[in-house]
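# need coordinates for the below:
(chains A, B, C and D)
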There are 2 protein chains.
Amino acid sequence: MPEKVSVRCHILEAAKKRFSHFGYTKTTMAEVASDCSMSPGNLYRFFPGKLDIAESIATEDYERHLDHLRKIALAPEKTARERLHELLFEELRRTYHKLEKDPRAYEMATVIAHERPKFANWMLANERRIIVELLDDAERRGEFATDDKETTAEMIQSATMKFRYPQLWSKLTLPKLERELEGVLKLIAEGLCSQRREQTSHHEAA
Amino acid sequence: MPEKVSVRCHILEAAKKRFSHFGYTKTTMAEVASDCSMSPGNLYRFFPGKLDIAESIATEDYERHLDHLRKIALAPEKTARERLHELLFEELRRTYHKLEKDPRAYEMATVIAHERPKFANWMLANERRIIVELLDDAERRGEFATDDKETTAEMIQSATMKFRYPQLWSKLTLPKLERELEGVLKLIAEGLCSQRREQTSHHEAA
DNA sequence: AGATTGAACGATTTGTTGATTATTCAGAAA
DNA sequence: TTTCTGAATAATCAACAAATCGTTCAATCT
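Residues are numbered from 1 along each chain as shown, chains lettered A, B, ... in the order given. Modelled structure (predicted):
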């Protein structure tokens, strides 16, 4: 039945409209069903529940974002450090703007984060994979030197946790957050130990 | 009137007992007053309100902890890196155990953090001062090389935010958190850039 | 005078009720 | 048969009432 996939999409579209206009909690399954000219009960043949509809919408949106991140991480003409910089900044800016400008997105994000803790882990794992690729490439170019890339990527994520859910943590403004991320990134890249310190303004492309 | 200070202490002690037995929200000003054999109204000659009593208790407790941290940060026979390590680990362990084992402490922490956002900032600033001292000392020894120590300290705090309020962020166990903090610390200390990498394994925490 | 009280006030919390809503499933429609 | 429906169910939410509690202050005590 190739119909199923298109019906699924139809439901997703209807729900997306409702969620973004009225919010997740304020839209009822009955409304979504009626938008699709079907009974509430029928929705459950396509999704296990309301939350799963929201999760599907979020997943779809997030995967577009992931593609974007991958492009940034693999931009060939830039240094690894520049790409790591852009990667983390892009992520900060995206979530900041998304959650700042519309309360609907914020509501959906908190609901999913709360009821589906695995979803956040899945996102982290995806981004980690990108960071690992970036580190691999950086090693090939001789820019970074790390033994265990998987672990290093995990630690980069730990250290930048504050910037991944900016408004859950602090009421800092975007410029302040950017300044801090800039500093943390510098710390990560150069380290504290007094080793030969090279000119740290940007490198030439190899 | 030298009585005032002792009465203040008396109130603080009574409140501390109540708070730790029954929790902040479940103890009433009337109860605290009666424990001190005075009327509820009289409490307000010593404290502006209930929250200020809680804040005073927290401050007292925290200042003991600060002294402890200062001792760690200035232990003369250890390297700066070892001391930074111990400093951050001590903080992680303290808050983890405090909030883990008793829900009363957790309640007080969240109430104060929520109603008195400046308090958290004050704590951060205090710890930052210690880190700055540590960095100063490290530079004197030639261990670390940082231009702006105030900013560097701020960035160290940013990067280790996840470990400062462990259970607000994640449901990770203490060992997992310790492993991560270990990794982040290594990242901060050594950096990503491929510079001369010295043997770092001889510094293990004692 | 200054120190203390406790009744009174308003805000917050708690308990209760009724309505909404997600989800199910026996049966109707295809 | 498979696909869908919509009334039934149980859980959650909203609204309102009652009670509780933090805080104030006019009156009382020392």
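
# going by C-alpha atoms from here, please, whenever you check contacts or count neighbours.
Fine.

# in chain A, what helix or strand scores lowest on average pLDDT?
helix A:166-169 (a mean of 78; mean pLDDT, DSSP states H and E).

# how about residues contacting it?
Helix A:166-169 is contacted from outside by A:Leu92, A:Thr95, A:Tyr96, A:Leu99, A:Lys162, A:Leu172, A:Leu177, using Cα atoms under 8 Å, 6 or more residues apart in numbering or on different chains.

# in helices, which of these appear?
A:Leu92, A:Thr95, A:Tyr96, A:Leu99, A:Leu177 (DSSP state H).

# and of those, the nearest to chain B?
Taking Cα to the nearest Cα as the measure, chain B lies nearest A:Leu177 of these, at 10.0 Å.

# can you count the residues close to that closest one?
Neighbour count of A:Leu177, defined by other Cα atoms under 10 Å in any protein chain shown: 20.

# circling back to that earlier point, mind putting the contacts of helix A:166-169 into CSV with pLDDT and distance to DNA strand C?
Output for the contacts of helix A:166-169, formatted as CSV (pLDDT from 0 to 100; distance: Cα to the nearest atom of the strand, whole Å):
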residue, pLDDT, distance to DNA strand C
A:Leu92, 96, 31
A:Thr95, 93, 26
A:Tyr96, 94, 27
A:Leu99, 89, 22
A:Lys162, 94, 28
A:Leu172, 91, 25
A:Leu177, 97, 31
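
# of these - the most surrounded one?
Going by other Cα under 10 Å, A:Lys162 tops the contacts of helix A:166-169 with 23 neighbours.

# list the contacts for that residue?
Applying Cα under 8 Å, 6+ apart, the residues near A:Lys162 are A:Trp169, B:Ser158, B:Ala159, B:Met161, B:Lys162.

# returning to that earlier point: can you name the two of the ones in helices among the contacts of helix A:166-169 that sit furthest apart?
A:Leu99 and A:Leu177 (14.5 Å; Cα to Cα).

# thinking again about what came up before, so which of the contacts of A:Lys162 is the closest to B:His65?
Looking across the contacts of A:Lys162 and measuring by Cα to Cα, the closest to B:His65 is B:Met161, at 18.1 Å.

# count of residues packed around the closest one?
18.

# swap in A:Asp67?
11.

# next, give phi and psi for it.
phi -60, psi -40 (degrees, to the nearest 10).

# likewise the one 10 residues further on?
Summarising the backbone geometry of A:Glu77 under the convention degrees, to the nearest 10, its torsions are phi -90, psi 0.

# cool, A:Gly23 as well?
According to degrees, to the nearest 10, A:Gly23 has phi 100, psi 160.

# that one contacts A:Glu107, correct?
Yes: using Cα atoms under 8 Å, A:Gly23 is in contact with A:Glu107, at 7.2 Å.

# stretch A:22-34 near DNA strand C at all?
Yes: for a cut-off given as Cα under 7 Å from any atom of the strand, stretch A:22-34 has contacts with DNA strand C, namely A:Thr25, A:Lys26, A:Thr27, A:Thr28, A:Met29, A:Ala30.

# quickly check: that stretch near DNA strand D or not.
No: Stretch A:22-34 is not in contact with DNA strand D by Cα under 7 Å from any atom of the strand; minimum separation 7.7 Å.

# contacts for that stretch?
A:11, A:14-15, A:18-19, A:39-40, A:42-43, A:50, A:54, A:104, A:107-108.

# redo that, cut-off 7 Å
A:Ala14, A:Ala15, A:Arg18, A:Phe19, A:Ser39, A:Pro40, A:Leu43, A:Arg104, A:Met108 (Cα atoms under 7 Å, 6 or more residues apart in numbering or on different chains).

# closest to A:Thr152 among those?
Closest to A:Thr152, out of all of the contacts of stretch A:22-34 and judged by Cα to Cα, is A:Met108, at 30.8 Å.

# count the neighbours of that closest one for me.
Using other Cα under 10 Å: A:Met108 sits among 22 other residues.

# can you tell me how far it sits from A:Tyr24?
Relative to A:Tyr24, A:Met108 is positioned 6 Å away (criterion: Cα to Cα, to the nearest Å).

# so how many other residues sit close to A:Gly191?
24.

# surely it is in contact with B:Ile188?
Yes: using Cα atoms under 7 Å, A:Gly191 makes contact with B:Ile188 at a distance of 5.0 Å.

# can you count the residues close to A:Glu150?
16.
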